[in-house]
Structures are given as C-alpha cells and as structure tokens.
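[1] Here's a sequence, model it:
(one chain, ligands or ions: 3)
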Amino acid sequence: MSIVVQKYGGTSVADIARIRAVCERVIRARKDGHEVVVVVSAMGDTTDDLTAMAHRLTPMPNPRELDLLLTAGERIAMSLLAIAINAAGLPAASYTGSQAGIITDTRHGRARITDIRPGRIREALDRGAVVIVAGFQGVSTAADVTTLGRGGSDTTAVALAAALGAEACEIYTDVAGVFTADPRVVPEARKLHAVSYEEMLEMAAAGARVLQLRAVEYARGSGVMLHVRSSFSDEAGTWIREADERMEQAIISGVVHDTGEAKITVQGVPDRPGIAAAIFRPVADEGISVDTIVQNVSKDGLADVSFTVPKADLSHAATVIDRVAGEVGAERFTTDDGVATVSLVGAGMKSHPGVQADMFSALAEAGINIEMISTSSIRITCVIRAEDVEAAVKALHARFALSEQAVVREH
Ligand code: ADP
Ligand code: ASP
Ligand code: MG
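    Residues are numbered from 1 along each chain as shown. Ligands and ions are numbered 1, 2, ... in the order given. Below is the predicted model:
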C-alpha cells in the first residue's frame with residue numbers, strides 16, 4: 001500500500017466546518033487505498049493568539065514555557081480531526097510531536113529535527129488507522145517540548161514523508177499553489193506548475209510564506225517531492241522537485257516580498273580588519289540570523305554598517321548591538337522596523353545580466369527608493385520602505401510580465 005502524507009495549514013482547519021472538509025478528504029485518500037498520515041497546524045490564528053497572550057505578561061517569555069504553550073495549538077487541531085474521522089467510522093489516532101518520535105535539538109522556538117523514530121506511527125498504520133500528527137513540534141534531546149519555528153508544520157510533514165518512505169508530500173493551504181507573487185497582493189499572479197528545489201529555497205528564504213525554508217531544504221535533501229495545493233478545491237497545485245527539462249525555463253520565477261525584517265545601522269565604526277567579525281559573531285552566537293548586509297566606507301576611516309534581522313528578533317539584536325557598538329568604538333546605532341524587502345527569484349538570472357538593472361529601473365519608475373541591495377546567483381533583494389512594498393511587488397510583476405506564460409530562456 002502506498003503512503004500519503006498530507007499537511008493542512010491553519011486556515012484549512014480553522015473551524016469545525018473546515019475540519020469536516022479535511023476529514024472527508026482524508027477518508028477519500030484512505031478509500032483510494034492509501035495509508036494516510038496527516039500533519040495539522042493550529043486552528044486559524046491560534047499560534048498568534050497564544051503568542052500575544054504570553055507577550056502581554058512579559059516582552060521576553062521564558063522560551064521553554066512558550067514552546068509548551070504554542071504546541072497546545074496543534075494538539076487541539078489534531079485531536080478534533082481524529083475525533084471527526086473516528087466518528088465517520090474510520091479508525092484514527094492522533095499523536096503529539098513527541099509521541100510521533102520527532103526528536104530535535106534543544107533550541108526552543110527554532111529547534112531543528114535531528115532524528116525521526118516513527119515506530120508508533122508505523123504500528124498505527126499497520127493496524128489500519130489513519131495517523132494524525134501535531135505539526136511544528138518535537139521533543140528535544142533534553143526531553144523538553146520544542147517548536148520548529150513559524151510555519152514549522154511544513155517541516156514536520158516533509159520529515160515524516162521522508163522517514164516513512166513516501167514519494168511525495170501534499171501541502172494543503174489557502175491558495176492554489178505557488179504563484180509568481182503573493183496572490184493576495186497581485187491578484188493576476190500566475191500559478192506555477194512546477195518549481196525546482198533551488199528556486200523554491202530562494203523564494204522561501206526571501207520570505208514567501210507558502211513553505212517554510214527548512215521544509216524545502218529537508219525535501220531537497222531527502223528527495224521528497226512537494227505538492228502545494230488548495231484545501232478548498234481539487235485542482236492540481238504546484239510541484240516542487242528536482243529541475244528537469246520539462247520544467248518551464250523561466251528567467252524569473254517570481255517576486256517575493258517580506259515585511260518581517262527590520263534594519264539595524266551601526267554608525268561611525270572604525271574601518272579596520274576584524275570589525276565585521278566583531279559585530280556579527282556575537283549576533284550569530286545569540287542565534288539571530290542576519291540577512292542583507294551593507295557597509296559604506298565614509299570619511300575619516302569610519303564606516304556605517306547596516307543589516308537586517310527578523311523583526312521578532314529586533315529587540316534581542318538591539319541589546320547585543322548596544323554592547324558590541326561600545327566594544328568596537330562605534331559612534332551610535334539605530335534600529336528601523338519600517339522596512340520591507342522585495343526580491344526577484346529566477347534560475348535564468350545567472351545568464352541574463354540585464355535583470356538587475358531592469359529591476360532597479362522598474363522600482364525607480366515607481367518612485368521607490370532602494371535602501372540596500374543583496375544578491376545571490378538566482379536572487380536579487382532590495383530593502384525598501386514598508387509602505388512601498390505592495391507598489392514594488394506590482395511594479396516588478398508587471399515589468400517582467402509574470403502573468404504571461406514564461407519567456408523560455410536560452411540554453
Ligand atoms: P498555511 O497556514 O496553510 O501554512 P501560510 O499562511 O503559511 O498557510 O502560507 C500561505 C500563504 O502564503 C498564502 O495565503 C499567501 O498569502 C502567501 N504567499 C506568499 N507568497 C506566495 C506565493 N508566491 N505563492 C503562494 N502563496 C504565497
Ligand atoms: N502553527 C504554527 C505557526 O503558525 C506552525 C504552522 O502553522 O506551520 O507558525
Ligand atoms: Mg505555513
């Protein structure tokens with residue numbers, strides 16, 4: 001019997017009617033003769049609501065306790081779905097991350113899966129049950145409950161698919177697949193039929209929420225194909241898999257925006273060897289990931305260093321930089337949470353040097369100022385003002401005619 005792993009996001013299990021709809025889809029997969037493992041997210045905005053409650057008590061909740069709190073969201077969804085499926089006459093059993101054998105390291109709030117021991121899941125499948133697993137959580141090597149970072153249910157699903165030998169993992173969400181831009185910002189965005197792991201990694205890293213970055217890394221590492229599709233319809237979605245010649249050879253795959261980053265600028269830093277390391281090592285040691293970095297050499301041997309960090313880590317990063325700025329003899333530092341990033345992603349960029357200039361002129365024509373730029377071989381990211389982000393996404397989507405069938409790139 002082939003095994004199907006299905007993951008349902010928050011909107012897809014938001015209320016009892018949606019849970020019934022998931023129940024029906026699961027029953028269909030079972031009747032089609034598959035063994036079915038379902039991974040669920042917390043209902044609707046539960047994770048946001050629980051986080052907000054903890055933050056009303058303190059700005060920096062104890063990470064161990066916060067993880068215990070947040071994992072409750074997925075437990076509610078998993079047990080309700082198991083109750084629904086049992087009531088429909090099919091045996092089903094739900095498991096927390098810990099019960100499902102998802103072992104992680106000890107970093108609360110951003111734990112990484114280090115091992116999967118799917119023994120109990122295998123047993124339940126062998127006795128004919130549908131298995132439901134709470135997403136986004138595991139148990140650490142120190143026996144504490146951990147969470148995998150926002151959007152982490154995607155990673156739970158991919159990791160289980162890999163451990164159970166499933167060929168593909170279905171990611172059911174509230175849009176019909178991966179589009180050339182967030183369809184909530186650009187209604188005419190086009191659904192992509194297939195996207196390579198490489199491009200999806202860059203899109204996820206640039207902030208396309210539709211898949212967690214770690215899930216894409218895990219899928220690529222284990223060769224699991226992903227099928228991102230709507231839980232509201234039966235239409236085919238987007239396949240994420242190894243690139244091959246059948247895949248659309250677009251120069252640009254999509255425009256991605258992210259409003260979750262903030263900017264820190266350290267001003268008047270003595271411009272000598274070792275300064276960048278002195279600034280960024282302590283930030284990294286605190287587990288804060290830095291994205292775009294720009295250094296301007298200003299006059300008199302003093303430089304300004306700007307970089308972005310996730311907004312959620314801004315106050316933490318500011319405490320670190322406050323200390324470091326003193327140590328390296330910087331004049332001052334500022335923080336700015338009014339920025340956003342807009343990125344172009346596409347494997348064809350490697351061989352089309354004009355793309356960058358086209359991007360910058362499209363933004364200029366829309367009257368949008370670029371504050372910072374960073375690039376990889378298949379991505380260009382610009383930091384801009386947050387209030388300009390929708391206009392920027394629309395301008396770039398139009399400039400590169402992404403609604404139309406992709407231009408085939410030359411070989
Ligand atoms: P889920 O709760 O199902 O995990 P998420 O909110 O995490 O759903 O991710 C789905 C959302 O990702 C969509 O509602 C959409 O607004 C957003 N999104 C951003 N960029 C894209 C894109 N390029 N294609 C599709 N969805 C995107
Ligand atoms: N519920 C978690 C979140 O909102 C995990 C997920 O949905 O994937 O981030
Ligand atoms: Mg998600």
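[2] Tell me which residue in the stretch 1-150 of the chain sits closest to ligand 3.
    residue 9 (4.8 Å; CB to the ion). Yep, even glycine has a C-beta here, placed from its N, CA and C like the rest.
[3] you'd agree that residue is up against residue 152?
    No. Taking contacts as CB atoms under 8 Å, residue 9 lies outside contact range of residue 152: 11.2 Å.
[4] who has more neighbours, the two?
    residue 152 (27 against 23; other CB atoms under 10 Å).
[5] Against residue 260, how distant is the more buried one?
    Relative to residue 260, residue 152 is positioned 15 Å away (CB to CB, to the nearest Å).
[6] now residue 342
    13 Å.
[7] So these two - more neighbours on which side?
    residue 342 (28 against 14).
[8] Tell me which other helices or strands the strand or helix carrying that one touches.
    According to DSSP states H and E, residue 342 maps onto strand 339-345. Contacts defined by 3 or more CB pairs under 8 Å, 6 or more residues apart in numbering; DSSP states H and E place strand 339-345 against helix 197-205, strand 254-258, strand 261-270, helix 354-365, strand 379-385, helix 389-399.
[9] next one: the second one to chain centre, how far?
    Computed by CA atoms, centre = their mean, to the nearest Å, the separation of strand 254-258 from the middle of its chain amounts to 12 Å.
[10] Could I get the average pLDDT for that strand?
    The average of the pLDDT scores along strand 254-258 is 97.
[11] Can you tell me which residues in the stretch 151-300 of the chain are near ligand 2?
    Proximity of the stretch 151-300 of the chain to ligand 2 (CB under 6 Å from any ligand atom) is limited to residues 151-154.
[12] quick one: the longest helix anywhere in the chain near ligand 1?
    Determined from DSSP state H, the single longest helix within the chain is helix 63-87. No. Residues of helix 63-87 are not located near ligand 1 by CB under 6 Å from any ligand atom, the shortest gap being 11.1 Å.
[13] Give the next helix or strand downstream of that helix.
    Downstream of helix 63-87, the next assigned helix or strand under DSSP H and E is strand 92-95.
[14] partners of that following strand in the sheet?
    strand 130-134 (parallel) (DSSP bridges).
[15] what angle separates the strand it pairs with from helix 63-87?
    160 degrees (axes from the mean of the first three to the mean of the last three CA atoms, to 10 degrees).
[16] what separates strand 130-134 from the chain centre, distance-wise?
    Centre to centre, stretch against its chain (CA atoms, centre = their mean), the figure for strand 130-134 is 22 Å.
[17] residues near the residue in the chain that ligand 3 sits nearest to, how many?
    Closest to ligand 3 within the chain is residue 151: 4.1 Å, counting by CB to the ion. Neighbourhood size, residue 151 [other CB under 10 Å]: 21.
[18] With residue 105 instead?
    15.
[19] now do residue 163
    Counted with other CB under 10 Å, residue 163 comes out at 22.
[20] Residue 353: neighbour count?
    Residue 353 has 8 neighbouring residues, counting by other CB under 10 Å.
[21] and it, what are its phi and psi?
    Backbone torsions of residue 353, given as degrees, to the nearest 10, read phi -60, psi -20.
[22] Do you know the pLDDT at residue 408?
    Taking residue 408 on its own, its pLDDT is 54.
[23] ok, now residue 144?
    pLDDT, residue 144: 98.
[24] Make sure it is actually in contact with residue 64.
    Yes. At 5.9 Å, residue 144 counts as touching residue 64 under the criterion of CB under 8 Å.
[25] Now list whatever residues contact both of these two.
    residue 108 (CB atoms under 8 Å, 6 or more residues apart in numbering).
[26] re the thing from before, pull the residues that contact the strand holding residue 342.
    Counting by CB under 8 Å, 6+ apart, 199, 202-203, 206-207, 252-259, 261-263, 291-292, 308, 355, 359, 363, 371, 378-386, 388-389, 392-393, 396, 400 sit against strand 339-345.
[27] Quick check: closest non-adjacent residue to residue 54.
    residue 61 (4.2 Å; CB to CB, 6 or more residues apart in numbering).
[28] helix, strand or coil for the one you found?
    State at residue 61, reduced to three classes by DSSP: H, G, I helix; E, B strand; the rest coil: coil.
[29] so is residue 114 in a helix, a strand, or just coil?
    Following three-state DSSP, the label given to residue 114 is strand.
[30] and it, what does it touch?
    Per CB under 8 Å, 6+ apart, neighbours of residue 114: 103-105, 141.
[31] do residue 22 as well
    Going by CB under 8 Å, 6+ apart, the list of residues near residue 22 reads 8, 12-13, 38, 40, 81, 84, 172, 231.
[32] Out of those residues, which end up buried?
    8, 12-13, 38, 40, 81, 84, 172, 231 (16 or more other CB atoms under 10 Å).
[33] Mark which of those residues are part of helices, please.
    Among the buried ones among the contacts of residue 22, DSSP H puts 81, 84 in helices.
[34] Widest-spaced pair of the buried ones among the contacts of residue 22?
    84 and 172 (15.5 Å; CB to CB).
[35] Kindly list the single helix or strand of the chain that scores lowest on mean pLDDT.
    Lowest mean confidence among the helices and strands of the chain (mean pLDDT, DSSP states H and E): strand 293-297, at a mean of 86.
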